[in-house]
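> Okay, here's the prediction I keep looking at, along with the sequence it came from:
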Amino acid sequence: MIKKIFILTGAGISAESGIPTFRDAGGLWQRVDLNKVATPEGFQEDPDLVHEFYNKRRKELLKVKPNPAHYALAKLEREFPGEVVIVTQNVDDLHERAGCRNVIHMHGELLKVRCMFCGKVFRETGDVFTSTPCPSCKRKGSLRPHVVWFGEVPFFLDKILKELEECDLFVAIGTSGTVYPAAGFVELARKQGAKCVEINLKPAENAHLFHEHRYGPASKEVPKWVEEVLSTQSS
Ligand code: NAD
């Protein structure tokens with residue numbers, strides 16, 4: 001009997017909603033220089049360029065919708081009799097818009113900004129500029145996207161590691177297994193006896209660490225897998 005399911009999602013689950021992944025053909029990093037827009041050094045060097053990049057991504061995010069894979073996970077969260085923990089590397093809010101209530105954003109959230117001076121975090125759906133004052137301390141030039149850039153430590157790692165220790169089933173969806181520490185979660189889950197399932201378009205870098213593989217678009221494979229899990233639990 002499965003008591004706790006740990007689900008790790010990556011850019012692949014949102015690809016069919018129209019948000020480009022990082023590394024696939026035509027992916028985001030083939031079009032922009034990550035050192036310029038996704039590192040603390042890039043932000044220090046040219047904050048206007050970084051704000052422009054995230055303003056554009058925020059606008060794009062508001063135009064897209066969750067797909068059947070996001071909705072299937074929300075159904076699993078509602079109907080599974082045990083616990084479902086969703087940890088996402090995605091900065092979009094498509095899990096929440098599909099109805100998920102228990103999502104851990106380890107790489108932050110696109111629709112949030114943080115004041116580097118007072119530390120407060122704010123929801124932001126519009127544009128941010130270097131001239132935008134912090135809504136709380138009013139300091140200008142102190143707001144940054146509330147996302148984890150390359151070289152920064154992901155959020156909620158203690159909580160995530162504790163959840164991993166307790167899970168019986170680990171499922172990675174639409175993630176290439178190349179960005180650490182997330183790429184190492186399967187090893188931790190496996191070591192403590194969890195069954196590990198990969199749902200992906202093609203094998204991830206760390207595919208050999210999974211017990212079961214389901215290859216195909218997330219919008220088809222995730223709903224299929226969710227129905228199987230729910231029917232096994234009720235039989
Ligand atoms: P990645 O781009 O490295 O890999 C994407 C993975 O998804 C690949 O394994 C690919 O085969 C798979 N994939 C592509 N289309 C798919 C589909 N339709 N169905 C199922 N799988 C599909 O993404 P990652 O592993 O999440 O990379 C890590 C970084 O990318 C994270 O830090 C994350 O913050 C960031 N990212 C997030 C978003 C977002 O918020 N939606 C978008 C792009 C990148």
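Perfect, thanks for sending it. Predicted, not measured: the structure shown is a model, and the values here were computed from it.
> so which helix or strand takes in V226?
helix 218-234 (DSSP states H and E).
> Can you get me the start-to-end distance on stretch 123-143?
End-to-end distance of stretch 123-143 (CA to CA, to the nearest Å): 12 Å.
> Equivalent analysis for stretch 81-94, please.
OK, stretch 81-94 end separation, CA to CA: 23 Å.
> Pretty sure V37 sits against V50.
Yes: taking contacts as CB atoms under 8 Å, V37 lies within contact range of V50: 5.3 Å. Every residue, glycine included, has its C-beta placed from N, CA and C.
> secondary structure class for the residue nearest to D46 when sequence neighbours are not counted?
Excluding the flanking residues, the one nearest D46 by CB to CB, 6 or more residues apart in numbering is K36, at 6.8 Å. Assigned with DSSP: H, G, I helix; E, B strand; the rest coil, K36 falls in the helix class.
> how about K36, what does it touch?
Going by CB atoms under 8 Å, 6 or more residues apart in numbering, K36 touches 42, 45-46, 49-50.
> Also V50?
V50 touches 36-37, 42-43, 144-145, counting by CB under 8 Å, 6+ apart.
> Identify the farthest-apart pair in those residues.
Using CB to CB, the two most remote members of the contacts of V50 are K36 and R144, lying 14.6 Å apart.
> Next secondary structure after the longest strand belonging to the chain?
Counting by DSSP state E, the longest strand found in the chain is strand 108-115. Remark: after strand 108-115, the chain's next helix or strand is strand 121-123, criterion DSSP H and E.
> What strands line up against that next one, and which way round?
Strand 121-123 has the following strand partners under DSSP bridges: strand 108-115 (antiparallel).
> The partner strand near the ligand at all?
No: judged by CB under 6 Å from any ligand atom, strand 108-115 makes no contact with the ligand; its nearest approach is 6.7 Å.
> so does the host helix or strand of E52 get close to the ligand?
In this assignment (DSSP H and E), E52 forms part of helix 47-63. No: Helix 47-63 does not reach the ligand (CB under 6 Å from any ligand atom); its nearest approach is 8.0 Å.
> what about that helix, distance to the chain center?
In terms of CA atoms, centre = their mean, to the nearest Å, the centre of helix 47-63 is set 17 Å apart from its chain centre.
> any residues touching the helix or strand just after it, and which ones?
Sequence-wise, the next helix or strand downstream of helix 47-63 (DSSP H and E) is helix 68-79. Residues outside helix 68-79 that contact it (CB under 8 Å, 6+ apart): 5, 7, 9, 13-14, 16-17, 84, 86, 94-95, 97-102, 173-174, 218-223, 225-227, 229-230.
> one more time with 7 Å, if that's ok
If you take CB atoms under 7 Å, 6 or more residues apart in numbering as the criterion, helix 68-79 is touched by 7, 13, 84, 86, 94-95, 98-102, 218-219, 222-223, 226, 229-230.
> if we can go back for a sec, can you tell me which of the contacts of V50 has the most neighbours?
P145 (26 neighbours; other CB atoms under 10 Å).
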